[in-house]
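Undergrad: I need the structure of the sequence given here:
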Amino acid sequence: MSSLITKKTKLCKICDKKFETFSNNAKFCNECKENKKKKTNLCECGCGILTKKRFIRGHNKPMLNQHHSNETKKKISKKSKENFTNPKFKEYFKYRNKYAHNTLQARKNNSAAQNRPEVKAKLIENRINQFKDPIKRERHRIACQKAQSRIEVKEKRKKTKNIPEVREKFKRIMKEAANRPEVKKKRAEGVKRAYENPERRKNLSIAMRRPETQIKRANTIAKHIAEGTLKSQKVFNTKPELLVEQELLKNNYILGKTLIKQYHCKNVGMIDFYLPIKNIIIEVYGDYWHCNPKFYHANYYHKNLNMIAEQIWIKDQKKNEKCLNLGYKVVLLWENDIVKNTEVCLSKLVNILKG
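TA: Numbers count the residues shown, from 1 in each chain. Just a heads-up that it's a prediction; the model follows:
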């Protein structure tokens with residue numbers, strides 16, 4: 001065993017350097033092997049530049065050196081003479097040409113040998129002998145069954161893809177999977193990670209402000225209103241909003257049909273209540289979030305909104321003007337008026353709806 005493990009010193013065929021190896025077939029040192037992997041060859045036009053291909057782009061024209069100026073042509077001719085006179089480059093090109101010639105010749109010989117009747121007979125015998133072995137035969141049988149089952153599954157999917165019963169079944173299975181507690185936890189964790197990233201948050205806010213997304217959302221709401229299948233969004237209802245909702249339900253307004261909570265108006269935004277029959281919008285303003293002028297002066301700085309009270313009033317005014325221009329009737333209710341004088345405030349609202 002000691003004779004097999006001993007190192008041997010050899011000469012590299014490219015750089016003529018000595019290197020030590022364990023194998024008998026080694027012909028190149030480690031540096032030359034790495035260069036061969038990178039495919040760093042000299043351009044064959046004779047410019048002396050290293051490339052990953054046979055030629056640099058534009059150097060393989062029929063008229064050599066056509067793309068160069070007269071000065072560069074002279075430099076290239078000098079370099080090419082130096083390179084081709086150097087014995088290292090000569091050996092490199094000899095080996096390269098031999099390798100290319102041998103590979104082409106080997107392919108031709110293999111293709112010619114396979115067409116001979118003797119070789120064909122040997123190949124068939126080897127194939128038969130493989131199937132005599134029970135282990136190899138069993139492996140082949142299992143592989144064929146798997147391939148056939150894949151084809152059958154693909155054909156079934158194509159046939160059952162457009163059947164409405166199969167679609168409904170698939171939707172039902174997906175809904176059941178989405179309502180599982182494990183799936184809900186994973187989804188919540190993913191949403192938290194997304195909103196923790198500030199870049200992701202910015203992109204979402206920009207996408208929601210686009211007119212295309214607002215128009216799509218408004219069109220889907222209009223379809224649900226026509227079908228009578230609109231559901232109110234899951235939002236935190238304040239005390240004055242709940243009082244207004246109770247009063248509207250008493251007056252025979254139905255949620256999802258004649259009364260819509262958190263309606264998304266085109267090019268305006270979210271609205272508290274919308275009555276589609278009479279085309280009325282009801283806005284319930286909180287004293288703190290909308291800075292009621294009875295309690296807050298114009299220069300009051302709102303920490304959560306990062307705005308002055310005057311800016312908030314201008315923003316609300318522009319929103320109401322947009323609604324009026326689109327043909328809606330707007331009713332504004334303040335939190336202080338609803339909480340302190342509930343009967344008076346709600347009776348005014350009912351009179352406006354009846355009128």
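
Undergrad: now the helices for the stretch 201-350 of the chain?
TA: 211-227, 239-250, 309-325, 335-340, 342-354 (DSSP state H, counting those that start in this stretch).

Undergrad: Throw those helices into TSV and include mean neighbour count and distance to Asn299, thanks.
TA: For glycine as for every other residue, the C-beta is placed from the backbone atoms N, C-alpha and C. TSV is the format used below for the helices of the stretch 201-350 of the chain (neighbours: other CB atoms under 10 Å; distance: least, CB to CB, whole Å):
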stretch	mean neighbour count	distance to Asn299
helix 211-227	13	33
helix 239-250	17	26
helix 309-325	14	7
helix 335-340	17	21
helix 342-354	14	29
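
Undergrad: Which one of these lies nearest to Gly190?
TA: helix 211-227 (21.0 Å; CB to CB).

Undergrad: for the record, mean pLDDT for the closest one?
TA: Averaging pLDDT along helix 211-227 yields 71.

Undergrad: Likewise for stretch 278-295?
TA: On average, stretch 278-295 scores 88.

Undergrad: who touches it?
TA: The list of residues contacting stretch 278-295 from outside it, by CB atoms under 8 Å, 6 or more residues apart in numbering, reads 238, 240-241, 244, 263, 265, 271-275, 300, 302, 304-305, 309, 312-313, 316, 320, 323, 327-336, 338, 349, 352-353.

Undergrad: now stretch 113-131
TA: 136-137, 140.

Undergrad: Need the CA coordinates for that stretch. PDB is fine.
TA: The C-alpha trace of stretch 113-131 is given here as PDB (Å, rounded to 0.1, in the frame of the first residue of the first chain):
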ATOM      1  CA  ALA A 113     -19.100   1.800 -34.100                       C
ATOM      2  CA  GLN A 114     -22.700   1.900 -32.800                       C
ATOM      3  CA  ASN A 115     -24.100   1.300 -36.400                       C
ATOM      4  CA  ARG A 116     -22.100  -1.900 -36.800                       C
ATOM      5  CA  PRO A 117     -24.200  -5.100 -36.500                       C
ATOM      6  CA  GLU A 118     -21.700  -6.700 -34.100                       C
ATOM      7  CA  VAL A 119     -21.900  -3.800 -31.700                       C
ATOM      8  CA  LYS A 120     -25.600  -3.600 -31.900                       C
ATOM      9  CA  ALA A 121     -25.900  -7.300 -31.000                       C
ATOM     10  CA  LYS A 122     -23.600  -6.800 -28.000                       C
ATOM     11  CA  LEU A 123     -25.700  -3.900 -26.800                       C
ATOM     12  CA  ILE A 124     -28.900  -5.900 -27.000                       C
ATOM     13  CA  GLU A 125     -27.300  -8.800 -25.100                       C
ATOM     14  CA  ASN A 126     -26.200  -6.400 -22.400                       C
ATOM     15  CA  ARG A 127     -29.700  -5.000 -22.200                       C
ATOM     16  CA  ILE A 128     -31.200  -8.500 -21.900                       C
ATOM     17  CA  ASN A 129     -28.700  -9.500 -19.200                       C
ATOM     18  CA  GLN A 130     -29.600  -6.400 -17.100                       C
ATOM     19  CA  PHE A 131     -33.300  -7.500 -17.100                       C
END
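
Undergrad: Show me what Thr21 bridges to in the sheet.
TA: Applying DSSP bridges to Thr21 gives these bridge partners: Lys8.

Undergrad: residues near it, how many?
TA: 15 (other CB atoms under 10 Å).

Undergrad: can you pull the contacts of it?
TA: So Thr21 contacts 7-8, 10 (CB under 8 Å, 6+ apart).

Undergrad: show me the contacts for Tyr263.
TA: 221, 270-271, 273-274, 281.

Undergrad: Show me which of those residues are buried.
TA: 221, 271, 273-274, 281 (16 or more other CB atoms under 10 Å).

Undergrad: Sort out for me which of these are in strands.
TA: 271, 273-274, 281 (DSSP state E).

Undergrad: circling back to that earlier point, from the contacts of Thr21, list the buried ones, please.
TA: Applying 16+ other CB under 10 Å to the contacts of Thr21 flags Lys10 as buried.

Undergrad: want to try a markdown table for the contacts of Thr21, with distance to Thr160 and pLDDT as columns?
TA: Putting the contacts of Thr21 into a markdown table (distance: CB to CB, whole Å; pLDDT from 0 to 100) gives the following:
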| residue | distance to Thr160 | pLDDT |
| --- | --- | --- |
| Lys7 | 66 | 77 |
| Lys8 | 67 | 81 |
| Lys10 | 66 | 84 |
